[in-house]
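Undergrad: Got a sequence here, can you model it:
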Amino acid sequence: GFLEAPIGVFACGFGNRLTDTAAYNAVGVTPERNFLIDQQSQIRMMMQGNEIFDGYPGLLPHLRRMLPPLNGKGQPLYRRPGKGRCPVDCDCDEVVL
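TA: Sure, this is the predicted structure:
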């Protein structure tokens, strides 16, 4: 219907209530891109293990994997394998500014 969100509209979801994360989940945001921000600005990934990042700066090294640049067809411009040490399977040594 008209009010249904198309799949893939949201890249990530950030909210400060569980109802926010439930809403992002309902529109197709995957748990590894769905985040709950607590009163101390800690960011919790809403997937099994609930990885916690120290605010937005704590997410910075992971952003290239989570939000890669896309071509005109919506496909990642590059795809390098992660090192497997991180909850979002990225190359944490590469900091994105």
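Undergrad: From N71, how far off is G13?
TA: 24 Å (C-beta to C-beta, to the nearest Å). Every C-beta, even on glycine, is put in place using the N, C-alpha and C of the backbone.
Undergrad: okay, these two: which has more neighbours?
TA: Neighbour tally, G13 and N71, criterion other C-beta atoms under 10 Å: the higher count belongs to G13, 21 against 8.
Undergrad: Return the residues in contact with the more buried one.
TA: D20, T21, A23, Y24, N25, V29, R33, N34, F35 (C-beta atoms under 8 Å, 6 or more residues apart in numbering).
Undergrad: average pLDDT for the helix ranked longest in the chain?
TA: The residue-count maximum for a helix in the chain (DSSP state H) belongs to helix 18-26. Helix 18-26 carries an average pLDDT of 93.
Undergrad: Could I get the full set of helices for this protein?
TA: Assigned helices in the chain, in chain order: 18-26, 55-59, 63-66 (criterion: DSSP H).
Undergrad: Just name the most buried of those.
TA: Highest mean neighbour count among these (mean count of other C-beta atoms under 10 Å): helix 63-66, with a mean of 18.
Undergrad: So for R44, which of the helices of the chain sits nearest?
TA: Taking C-beta to C-beta, helix 18-26 is the member of the helices of the chain nearest to R44, at 9.1 Å.
Undergrad: elements contacting that closest one?
TA: Applying 3 or more C-beta pairs under 8 Å, 6 or more residues apart in numbering; DSSP states H and E, one finds that helix 18-26 makes contact with strand 13-15, strand 34-37.
Undergrad: If you average pLDDT per helix and strand, which one of the protein comes out bottom?
TA: Ranked by mean pLDDT, DSSP states H and E, the weakest helix or strand in the chain is helix 63-66, scoring a mean of 71.
Undergrad: Residues in a beta bridge with M45, which ones?
TA: M45 has these beta-bridge partners by DSSP bridges: F35.
Undergrad: so how far is F35 from it?
TA: In this view, M45 and F35 are 6 Å apart by C-beta to C-beta.
Undergrad: And for A22?
TA: 13 Å.
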